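K.L.:
quick one: sequence plus predicted model below, questions after.
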Amino acid sequence: MAKIFITRKIPEAGIKKLAEKYEVKVNPQDRVLSKEELIAALENHGYGAVLCLLTDKIDDNVLAAAGKQCRIFANYAVGFDNIDLVAAKKRGIMITNTPGVLTDTVAEHTFTLMLAISHRIAEADKFTKAGKYESWAPMLLLGNDLSGKIVGIVGLGRIGSRVAHHAVKGFGARVIYHDLQRNEKFEKEFSAEYRKKLEDLLKEADYVSLHVPLLPATRHLLNAERLKLMKPTAYLINTSRGSVIDEKALVEALRAKIIKGAALDVFENEPALAEGLAQLDNVILTPHIASATEETRAKMAELAADNIIAALEGQTPPNLVDA
């Protein structure tokens with residue numbers, strides 16, 4: 001019977017599916033293992049598969065520790081920038097992810113952040129709980145409408161497309177988008193407009209929503225220079241990867257009112273925040289929970305399990321990542 005190691009407790013649905021076929025060991029400590037701890041947990045244990053998390057840094061040393069019998073590292077995430085894909089390919093280890101099942105949930109969270117920052121929900125909550133609310137006032141905590149505004153989508157993958165759907169169908173917004181490839185079918189369905197240059201999108205959008213993977217080309221995609229191109233009335237939303245934004249530059253842009261506000265679910269050096277970010281009123285911060293619903297996290301666990309089962313049964317996993 002093959003043995004499987006899970007680097008941290010995940011929803012029971014995935015563990016149960018694996019335990020029906022294999023011997024499963026789950027890290028008993030509900031925290032991220034250090035690289036040294038992860039190597040020690042894998043070495044000489046004969047695991048045929050490892051179910052890892054985005055917070056696990058899987059480099060060649062970790063892959064080597066898993067041993068030659070290990071066939072797959074199944075990432076419990078859509079992204080896989082935590083894994084050295086080239087090293088895995090050289091060792092003949094398959095890498096998989098969990099796309100699709102969290103599209104709706106992340107899109108919902110993106111809109112939660114859009115509405116919360118533009119309607120000043122966090123500020124209003126803090127204001128009311130502090131006992132400062134004395135009476136209705138015509139100028140109290142004025143925010144901005146989303147309906148009818150221009151929503152700029154950066155990265156038209158599954159999630160970016162779903163955000164566009166909600167923007168157009170739910171709020172009557174106008175969508176512009178930037179991606180490496182133009183999608184004329186999408187444009188026709190949502191009356192959307194393509195912007196080949198990111199700079200053009202930034203100049204026009206009232207809301208800029210980031211949905212790109214973290215690659216060398218997208219690291220600090222939003223830097224000080226590009227932030228200055230945005231409208232002073234615009235909002236920036238990020239549910240992709242923290243390092244897509246130069247966080248220090250964002251703090252300065254928010255302080256200087258170069259943009260009106262930002263809402264972030266991911267951070268450049270998680271869990272640490274750039275100095276001063278948490279003290280700003282014109283920013284909303286959530287702790288990387290865009291996919292955190294009971295339904296979606298359970299589906300992710302089952303999909304990761306399906307990837308492992310396919311690999312161990314000699315089949316191609318449904319969500320194989322190509323280096």
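P.N.:
Happy to help now that I have it.

K.L.:
only C-alpha atoms from now on, for both contacts and neighbour counts.
P.N.:
Noted.

K.L.:
what domains does the record give for this structure?
P.N.:
If you go by automatic domain parsing, the domain ranges for the chain are 3-100+294-312, 103-285.

K.L.:
with mean pLDDT, mean neighbour count and distance to V321 added, can I get those in CSV?
P.N.:
Listed next are those as CSV, based on pLDDT from 0 to 100; neighbours: other C-alpha atoms under 10 Å; distance: least, C-alpha to C-alpha, whole Å:
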stretch, mean pLDDT, mean neighbour count, distance to V321
domain 3-100+294-312, 97, 19, 5
domain 103-285, 97, 18, 13
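
K.L.:
need the ones you listed in a markdown table (columns: distance to P318).
P.N.:
Supplementary listing: the domains of the chain in a markdown table, determined by distance: least, C-alpha to C-alpha, whole Å:
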| stretch | distance to P318 |
| --- | --- |
| domain 3-100+294-312 | 6 |
| domain 103-285 | 17 |
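
K.L.:
just the strands in the stretch 201-323 of the chain please.
P.N.:
207-210, 235-238, 261-264, 283-285 (DSSP state E, counting those that start in this stretch).

K.L.:
gap between the shortest one and the chain center?
P.N.:
Chain-centre distance of strand 283-285: 15 Å, with C-alpha atoms, centre = their mean, to the nearest Å.

K.L.:
with stretch 44-54 instead?
P.N.:
So, by C-alpha atoms, centre = their mean, the centroid of stretch 44-54 is 23 Å from its chain's centroid.

K.L.:
how about the closest residue to A107 other than its chain neighbours, secondary structure?
P.N.:
The shortest distance from A107 to any non-neighbouring residue, by C-alpha to C-alpha, 6 or more residues apart in numbering, is to V163 (5.2 Å). Secondary structure assignment for V163 (DSSP: H, G, I helix; E, B strand; the rest coil): helix.

K.L.:
and V163, what is it in contact with?
P.N.:
107-108, 110-111, 153 (C-alpha atoms under 8 Å, 6 or more residues apart in numbering).

K.L.:
mind checking which of these land in strands?
P.N.:
I153 (DSSP state E).

K.L.:
ok, of the contacts of V163, which one's closest to A64?
P.N.:
A107 (36.8 Å; C-alpha to C-alpha).

K.L.:
in contact with V321, which residues?
P.N.:
94-97.

K.L.:
swap in 10 Å and give it another go.
P.N.:
By C-alpha atoms under 10 Å, 6 or more residues apart in numbering, the residues touching V321 are 74-75, 80, 85, 94-97.

K.L.:
same deal with A107?
P.N.:
With C-alpha under 10 Å, 6+ apart, A107 has these contacts: 113, 158-166, 211, 239, 290-291.

K.L.:
and it, how close does it get to A272?
P.N.:
24 Å (C-alpha to C-alpha, to the nearest Å).

K.L.:
now swap in E193 and tell me
P.N.:
E193 is 36 Å from A272, by C-alpha to C-alpha.

K.L.:
what of Y207?
P.N.:
For Y207, the distance to A272 - C-alpha to C-alpha - is 25 Å.

K.L.:
check A310 too.
P.N.:
For A310, the distance to A272 - C-alpha to C-alpha - is 37 Å.

K.L.:
quick one on the thing from earlier: for the domains of the chain, which one sits closest to N319?
P.N.:
Short answer: domain 3-100+294-312, nearest of the domains of the chain by C-alpha to C-alpha, at 5.3 Å.

K.L.:
for the residue lying closest to E247 once chain neighbours are set aside, what are phi and psi?
P.N.:
Once flanking residues are discounted, E247 sits nearest to A274: 6.0 Å by C-alpha to C-alpha, 6+ apart. Main-chain torsions, A274, degrees, to the nearest 10: phi -60, psi 140.

K.L.:
pretty sure A274 sits against V266.
P.N.:
No. Between A274 and V266 there is no contact under C-alpha atoms under 10 Å: 11.8 Å.
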